[in-house]
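Chemist: can't give you the sequence, but here's the structure:
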C-alpha cells in the first residue's frame with residue numbers, strides 16, 4: 001500500500017519546500033508578537049462563553065478535563081516544536097505530512113486546516129455581529145461583513161499589521177482573565193464584593209468533584225478539546241518569524257504555564273467564588289462571577305472581551321488560510337495563482353479566496369442560522385483532530401528517521417517520546433469515539449466523512465497534476 005493511501009494515485013517522492021521556495025515572505029513577526037499570538041491562540045470564546053455549558057454538564061470535574069486535554073495539547077505542541085526546529089517553514093503541518101506521510105496526506109492536511117479556519121471564521125464573524133447588537137441595533141450580517149472587510153484589509157497591508165492587531169486582541173483577553181483571577185482571589189482571601197458564599201470548598205462540597213458522574217466528564221472532553229483550537233497557529237508563523245527556532249521554542253515552552261493560568265486557574269477561581277450550579281449554557285461564567293462580586297457593567301465588559309476574542313479568531317483565520325493556500329499552490333495542489341505574493345509580501349490571492357469563502361458563511365447564516373450553519377462549523381470539529389493527529393504521526397516518523405541516521409536530530413526534543421506521542425494520539429482517538437454519543441458529535445462525523453470525500457476528489461484534480469510536475 002502506498003503512502004498516498006488505498007486506491008489513490010501514487011506520487012513520486014517529492015522534495016520538501018526549502019527556504020529558497022519560501023522566499024518572499026517578510027519576517028515581520030517579532031518575538032513580542034509571536035509570544036502574544038501563542039498566548040491568544042489558546043484563549044477564545046470557548047473559555048469566555050462556552051465554558052458555561054461545560055460547567056453545567058460536568059461541574060468541578062471540568063477542571064480535570066481541561067487539565068487532561070492541556071497535557072495532550074502540550075505533547076502535540078512539543079512534537080510540532082521539534083519538527084519546527086528541524087525545518088521551520090510556513091504551512092508547516094502540510095509540509096511535514098508531505099515529507100513523512102506522502103503527497104495525499106500533505107494535500108489532505110493542508111486543505112483540512114484551511115477548512116478548519118474558514119469555518120471557524122464563518123462562526124466568529126457572525127458571533128461578532130451578535131455581540132455588537134448588545135450596544136447597537138444593527139443587523140447581524142452587516143456587522144459580520146464590516147468585521148470581515150476590516151480584518152481582510154489589514155491582512156492585505158502587511159504581516160506586521162496582522163501581528164500588531166493580534167497582539168492587542170490577545171492583550172485584552174489576557175488582561176480580562178488576569179483581572180478576574182486577581183479579583184476572585186481577593187474575594188476568597190479578603191471577602192471583597194457581594195458574592196454569597198465564596199470558598200474553595202465549592203469545588204467539592206456540592207455533589208462532589210463529579211456531580212453528574214465520570215461519564216459526563218468524558219463527554220465534555222470534546223467541548224474542552226475544541227476550546228484549544230488555535231494553539232497550533234504559532235506553527236504557521238514559522239515562515240515570517242524573526243529567528244524562528246528561538247522564538248517558537250520559547251512560545252511553546254511557556255504553553256503549560258499559559259494553560260495552567262488562563263484555563264485551570266480561571267476555572268478554579270470561577271467555581272470557588274460561586275457554586276458550579278450558578279453557571280448555565282448561553283451565559284458567560286465571567287459575567288456571572290463579576291455580577292456576583294458586584295462589578296458594575298459586568299455584562300458590558302465581558303461582552304467587549306467576547307467581541308475581541310471573536311475578532312482575534314477571525315484575524316488569525318484570515319492570516320493562516322492565506323498562508324496554507326500558498327503552501328498548497330507551491331506544490332501544484334491548489335490553483336497556481338495562490339502561490340503569488342503581493343508587493344507587501346503577503347499571499348494576496350489566497351487571502352482574497354479565503355475571505356470570499358467566509359462571506360458564504362454570512363449568507364448561509366442569514367438564510368438558516370440554526371441548522372445549515374451548524375453543519376459548516378462542524379468541519380472544524382473533525383478537521384482539527386486530523387491536523388493534530390498528523391503532527392503526532394509525523395513526529396513518530398521523524399524520530400524513526402533520526403534513529404536510522406537518515407535525518408539530523410533536534411536539540412529540542414519531546415520528553416518521553418514515543419510514549420507521550422502515542423498517549424496523545426490515544427487521547428485524540430478517544431475524543432473521536434466520544435463524538436458518537438452526542439447529536440452534535442455525530443453531525444461532525446458525518447460532515448467529516450463528506451469532507452473526506454471532497455478531499456479525495458480534489459486530490460484527483462490537483463494532486464495528480466502536482467505529482468506529474470515532479471517527474
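Modeler: That came through fine. Quantities reported herein were computed from a predicted structural model and do not represent experimental measurements.
Chemist: pLDDT score assigned to residue 450?
Modeler: Note for residue 450: predicted pLDDT of 90.
Chemist: Helix or strand: which one has it?
Modeler: Take DSSP states H and E as the rule and residue 450 turns out to sit in helix 439-458.
Chemist: That helix - contacts with which helices or strands?
Modeler: helix 103-132, helix 372-403 (3 or more Cβ pairs under 8 Å, 6 or more residues apart in numbering; DSSP states H and E). The C-beta positions use only the backbone N, C-alpha and C, and glycine is treated the same way.
Chemist: Now with 6 Å, please.
Modeler: Judged by 3 or more Cβ pairs under 6 Å, 6 or more residues apart in numbering; DSSP states H and E, helix 439-458 is in contact with helix 372-403.
Chemist: And for the nearest residue to residue 455 once chain neighbours are set aside, the neighbour number?
Modeler: Spatially, and ignoring its direct neighbours in sequence, residue 455 is nearest to residue 108 (4.9 Å; Cβ to Cβ, 6 or more residues apart in numbering). By other Cβ atoms under 10 Å, the residues close to residue 108 number 28.
Chemist: From residue 453, how far off is residue 108?
Modeler: Distance of residue 108 to residue 453, computed by Cβ to Cβ, to the nearest Å: 11 Å.
Chemist: got it, and residue 166?
Modeler: 34 Å.
Chemist: Also residue 308?
Modeler: 37 Å.
Chemist: Looking at residue 166 and residue 453 now, which is surrounded by more residues?
Modeler: residue 166 (26 against 10).
Chemist: what's near enough to touch that one?
Modeler: Residue 166 makes contacts with 37, 315, as judged by Cβ atoms under 6 Å, 6 or more residues apart in numbering.
Chemist: Could you look up the SS state of it?
Modeler: Classification of residue 166 by DSSP: H, G, I helix; E, B strand; the rest coil places it in helix.
Chemist: and what of residue 196?
Modeler: coil.
Chemist: What's the local residue count around it?
Modeler: Neighbours of residue 196 (other Cβ under 10 Å): 9.
Chemist: helices or strands up against the helix or strand where residue 224 lies?
Modeler: Using DSSP H and E, residue 224 sits in helix 214-227. With contacts defined as 3+ Cβ pairs under 6 Å, 6+ apart, helix 214-227 has these neighbours: helix 51-58, helix 62-86, helix 419-434.
Chemist: what about the last one, average pLDDT?
Modeler: For helix 419-434, mean pLDDT rounds to 95.
Chemist: List the buried residues for that helix?
Modeler: 420, 421, 424, 425, 427, 428, 431, 432, 434 (16 or more other Cβ atoms under 10 Å).
Chemist: And the longest one, by the same measure?
Modeler: Under the neighbour-count criterion of 16+ other Cβ under 10 Å, helix 62-86 has 62-66, 68-86 buried.
Chemist: low-confidence ranges in the stretch 51-200 of the chain?
Modeler: Residues of the stretch 51-200 of the chain that meet the criterion pLDDT under 70 lie in 90-92, 193.
Chemist: Then residue 344 would be within a helix, right?
Modeler: No - counting by three-state DSSP, residue 344 falls outside a helix, being coil.
Chemist: ok, now how distant is the residue lying closest to residue 66 once chain neighbours are set aside from residue 108?
Modeler: Residue nearest to residue 66 in three dimensions, not counting chain neighbours: residue 263, with 4.8 Å by Cβ to Cβ, 6+ apart. Going from residue 263 to residue 108 by Cβ to Cβ gives 30 Å.
Chemist: repeat for residue 45
Modeler: 27 Å.
Chemist: cool, residue 418 as well?
Modeler: For residue 418, the distance to residue 108 - Cβ to Cβ - is 23 Å.
Chemist: Please apply the same query to residue 302.
Modeler: Counting by Cβ to Cβ, the gap from residue 302 to residue 108 is 38 Å.
Chemist: same check, this time on residue 417
Modeler: From residue 417 to residue 108 the distance is 24 Å (Cβ to Cβ).
Chemist: ok, now residue 303?
Modeler: Residue 303 is 38 Å from residue 108, by Cβ to Cβ.
Chemist: Quick check: phi and psi at residue 279.
Modeler: phi -110, psi 140 (degrees, to the nearest 10).
Chemist: burial of the closest residue to it other than its chain neighbours, as a residue count?
Modeler: Nearest non-adjacent residue to residue 279, counting by Cβ to Cβ, 6+ apart: residue 55, 4.3 Å away. Residue 55 has 25 neighbours, counted by other Cβ under 10 Å.
Chemist: Check whether residue 55 really touches residue 276, as I assumed.
Modeler: Yes - using Cβ atoms under 6 Å, residue 55 is in contact with residue 276, at 5.4 Å.
Chemist: how close does residue 63 sit to residue 55?
Modeler: Residue 63 is 10 Å from residue 55, by Cβ to Cβ.
Chemist: Repeat that for residue 157.
Modeler: 40 Å.
Chemist: With residue 301 instead?
Modeler: Taking Cβ to Cβ, one finds residue 301 at 20 Å from residue 55.
Chemist: Residue 206 belongs to a helix, doesn't it?
Modeler: No - according to three-state DSSP, residue 206 belongs to no helix; its state is coil.
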